[in-house]
Every structure is written in C-alpha cells, then in structure tokens.
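Q: What follows is a predicted structure for the sequence shown.
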Number of protein chains: 2
Amino acid sequence: MNIILLEAGEVQENQVKLTDHRAAHIIKILKSQPGDSLRVGIIGGPQGTATVKNIDQRSVRLFVTLGGRPQRPQTDLLLALPRPIMLKRIFTQAAALGVGRIFLSNAARVEKSFFKASLLEESNTRGFLLKGLEQAVDTKVPKVRVFPRFKPFVEDYLTPKMAQYQSGFIAHPTAEANLWRQSQTPLNGRVLLAIGPEGGWQEYEIEKLMAAGLKPFSMGPRILKVDTAVIATLAQIDLLRQGGAPN
Amino acid sequence: MNIILLEAGEVQENQVKLTDHRAAHIIKILKSQPGDSLRVGIIGGPQGTATVKNIDQRSVRLFVTLGGRPQRPQTDLLLALPRPIMLKRIFTQAAALGVGRIFLSNAARVEKSFFKASLLEESNTRGFLLKGLEQAVDTKVPKVRVFPRFKPFVEDYLTPKMAQYQSGFIAHPTAEANLWRQSQTPLNGRVLLAIGPEGGWQEYEIEKLMAAGLKPFSMGPRILKVDTAVIATLAQIDLLRQGGAPN
C-alpha cells in the first residue's frame, strides 16, 4: 500500500479517522508516529498528503491536505470475460498499470457460467481495483462494464465508440504484423487494447473487431496466459507512448 | 499445458509411456484418442510431435518424432532475491516470457532469511520453470544461480561477464531516462535486465551496477510489484527487439 485511499465522504473538515485495514497498515507496517506525513488520495479525486494527528493501537486520525486531480489513464482494455480467479488478478494488475475502462465481453470460447460470477457485481470488483491503485499510487478507479452478448456489444456499443479512440489493437497469435508495425510511434491519445479468451478469439470475432477499427497484432510464437498477456501488452503500449520522444 | 515436456531419458526407441500429471492432462483435458497428434519437447533439447499409440484411464504411450533444437532466449534476468511466494510466480512467468538465465542476488533491502528458502534448491525451482515452458511452448529451462553477497557478485562475477552482453538495464524508479532512451532500436544480441527488491535498489547498488555497465531506466511514476515489473519490462525489451524492423 503506497497510498492511503479515502472515500470522499470520510473526510470532514480536512480530517479523517481510520479504524480498518488502512489503520492497521499505518500502525503495524508503516509504524507511523504523530507528525509523520503520509501519501493519501480521495478515491476518484485528488491526491495529497496527510499528517498523523493521533495514533493508538487501533485507530489513526489524519489531517488531510489535497492537491491536484490526476487524469484518467488513456488506455482502455477489452477482455473476453476470463474465469473469476484470473479476473481478480487482472483487475488488480490492470489498475496498477493504469487503465481507464475495462470492457468485459462474451466470446465463443468464454464459458457462459462466468457471467454469473458474483465478482462481476460492482461492490465486489471495487476491492480488487483499489488494491492495484494502492500499489501504483493512483485514485482513478477503472470503470468496468459487462457485455453478455458479443455481436450487439461490437455493433451497437463499440463501433460508434471507436471514434473516441486514436488507436485500437487486438492481440491475436496468428496475426502477421507485430504491435510495432501496427502502431504509430510515438503512440498518442486514447488506445483500446483487446485481449481474447484462453484459446484465442475466433476468426469471426477478429473480423467483427477489425470492422470496428481495431488492428490485429501478434506478440510472437510464445503462448501466454491471459493475465500475463494483459500486463505484457499494457507495458508495450506504455513504451510506444514514450516512443522516441525526449523525456 | 501447450507442450508435453519429456525428460531425455524417458524416450526409448522413439517411444515414451506416461503415467503422471502429463498423462492425466492428455486423458482428461485434451481427451486424446489413439492416432491423435500432440506437441512434445525434450527438456533442454528439441521439440517435435508425438502420436498417441495407446491410451487408457491412467497411462498414455506416445510415438515421438523430434525436430529442430530451439535457441536459448537472449535476455537474462538479474533479480534482488524476492520473497519465496513471489519468486515462484516469477520463475513461471519469466520462463513463459523467455529468459536464458536468472541471477538471484543479495541487496540491502533483501531479507537475509530468503536465502534459506528451500525453493532455491534446483530440485524445487525446476517445477516452476517447467510450468512456464509448458505454457509458452519451449524446452530451454532457464539457468538459475544464487549469489548471497552483492559486492563479490558484481565485482567478481558480473563485471567480467558483461562483455558477453550487448546491453544491460536496471529498472530504477528515480532514473531520469526511460528504457526507450537507454536502448538502441532495434535492440540486438544478449541483454541483461536487473530488477531490484520491493523498495528498490540503494544508491550504492545502482552505482555498482552502473560501473559494471548497466544503464538505469524509469518505467514512469507508477509503483509496480516486482512480479508485475518483471513481466512488464521483459515485454518492453521484447518489443524493442522487434523495433522498427520489418516482420
């Protein structure tokens, strides 16, 4: 936990009293003392610093000073809905690496039962997303939307929405081009990255996504698990965004 | 399991009988029938195909035809020794993404007790590495070496060895340059990637690694866990290897 995340309603007159796992972290891991300074953020809002006012064995009172409001990350993720245990990891990892939105779609190789997972309820996704934000020092919770039918998702939702993206890519093992060739350098603006189910997208699905404006790319001959592929491709897009520009 | 890995000694007169978890995978997951073809490989050796000769509820007999011998991946990984539970994940992920060697070194922020972990014995590391190879379809087991003292490792082992590498990089959150700026494009030859402990390398350690020829780079402001950083930076190096070259 590299930032203490607070709900907007918790802070009153610049103060907040914590008694939950965040208090335990400050007391037991950080071993903070009165006067110490901590990095804090309002979930969905600005980041800032907090000074420890009081601390005992179970609770911490903080005085909070907030600063600038971070921007929502410019890369969005479209996933064929993974099995719940993998989706938990992906929520945390994607939030840590920085994504704006996560679209979870059906696909021919997605098991229908995955759509009944309680993990898909917003109250259950949030904890996994916050864990990634606490790691990476961010306050912007990725927005998650679930689409139980592939064709209406692509035709009615995604196709008009693609006008908002400068680039869209589909990870597809048998594609001829690599990401480098399909991308501009440096890569700018909003990017949508689509990653298929274990076993890959079917050709029909690739065609529909390509018709919506996404470009297929191959990561090479190695077959990666979906959660590994999510981290690897988000990192590559991040590198392409830096591409060649002085830093 | 996208390839069935066999020990060289298991195959006799082009045949092998399996009765362990590999047989269970072929019987229960792949649901193979006599005459079916499977992807196989000799650990450390060539890949090929196998034809199912006999199959019953517990065992599978394969007829094996071997082909070319794959090359050892050109990227090596130097890690400040992570805690055992994280190291297991990194072994599997690094083997899946493709690394030639894994050097595990001490650092000021490494807990000394980690060096006593039974995971560091070769008989225990191998299973986690093979899991990654089975996922990615590879037979070359990364070589693992453990160095319990940082200074002799860098001065006596790493410094002369760096002559074998075309490039070396250190992930370092406060570095001024990014990987793009520190790397040639396309990136060629053998590359050594160094990733520090949770909390990062100390300045003294960065200086020693720089003196050995490695260049520090920052991945940006987000703080990543070590296992996430390993996947992300290996993927970025892979992209830089493709850099700009026609594919």
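A: Yep, it's here. Numbering: from 1, shown residues only, chains lettered A, B, ... in the order given.

Q: now residue A:87: how far from chain B?
A: Applying CB to the nearest CB, to the nearest Å, the value for residue A:87 to chain B is 16 Å. No exception for glycine: its C-beta is placed from N, CA and C like everyone else's.

Q: which SS class is that residue?
A: Using DSSP: H, G, I helix; E, B strand; the rest coil, the structure places residue A:87 in helix.

Q: residue ranges with poor pLDDT in chain A?
A: Scanning chain A for pLDDT under 70 picks out the ranges A:244-247.

Q: quick one: the strands in it?
A: Secondary structure of chain A (DSSP state E): strands at A:4-6, A:15-18, A:37-42, A:47-55, A:60-66, A:75-80, A:101-105, A:143-147, A:167-171, A:191-195, A:215-217.

Q: The lengthiest helix in chain A near chain B anywhere?
A: Ranked by residue count and defined by DSSP state H, the top helix of chain A is helix A:226-242. Yes. Contact of helix A:226-242 with chain B (CB under 8 Å from any CB of the partner chain) involves A:228, A:231-236, A:238-240, A:242.

Q: Of the strands of chain A, which is nearest residue B:63?
A: strand A:167-171 (34.7 Å; CB to CB).

Q: which other residues reach that closest one?
A: Defining contact as CB atoms under 8 Å, 6 or more residues apart in numbering or on different chains, one finds that strand A:167-171 is touched by A:162, A:179, A:182-184, A:187, A:189-196, A:201, A:206, A:209-210, A:212-219, A:229, A:233, A:237.

Q: Show me what that strand pairs with in its sheet, parallel or antiparallel.
A: strand A:191-195 (parallel), strand A:215-217 (parallel) (DSSP bridges).

Q: The longest one to strand A:75-80, inter-axis angle?
A: I take that to be strand A:191-195. 20 degrees (axes from the mean of the first three to the mean of the last three CA atoms, to 10 degrees).

Q: Let's see strand A:191-195 as CSV, backbone CA atoms only.
A: Below are the C-alpha coordinates for strand A:191-195, written out as CSV (Å, rounded to 0.1, in the frame of the first residue of the first chain):
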residue,chain,number,x,y,z
VAL,A,191,-6.0,3.5,-27.1
LEU,A,192,-8.2,0.4,-26.9
LEU,A,193,-6.5,-2.9,-26.4
ALA,A,194,-8.5,-6.1,-26.9
ILE,A,195,-7.3,-9.5,-25.5
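
Q: Helix A:226-242 and that one, what's the angle between them?
A: Taking the same axes, to 10 degrees, strand A:191-195 and helix A:226-242 form an angle of 160 degrees between their directions.

Q: How far does strand A:191-195 sit from its chain's centre?
A: 12 Å (CA atoms, centre = their mean, to the nearest Å).

Q: And for stretch A:168-175?
A: 20 Å.

Q: do the same with stretch A:195-208
A: Relative to its chain's centre, stretch A:195-208 lies at 21 Å (CA atoms, centre = their mean).

Q: Other residues contacting that stretch?
A: Residues outside stretch A:195-208 that contact it (CB under 8 Å, 6+ apart): A:77-82, A:107-110, A:150-151, A:154-155, A:170-174, A:209, A:216, A:225-226, A:229-230, A:233.
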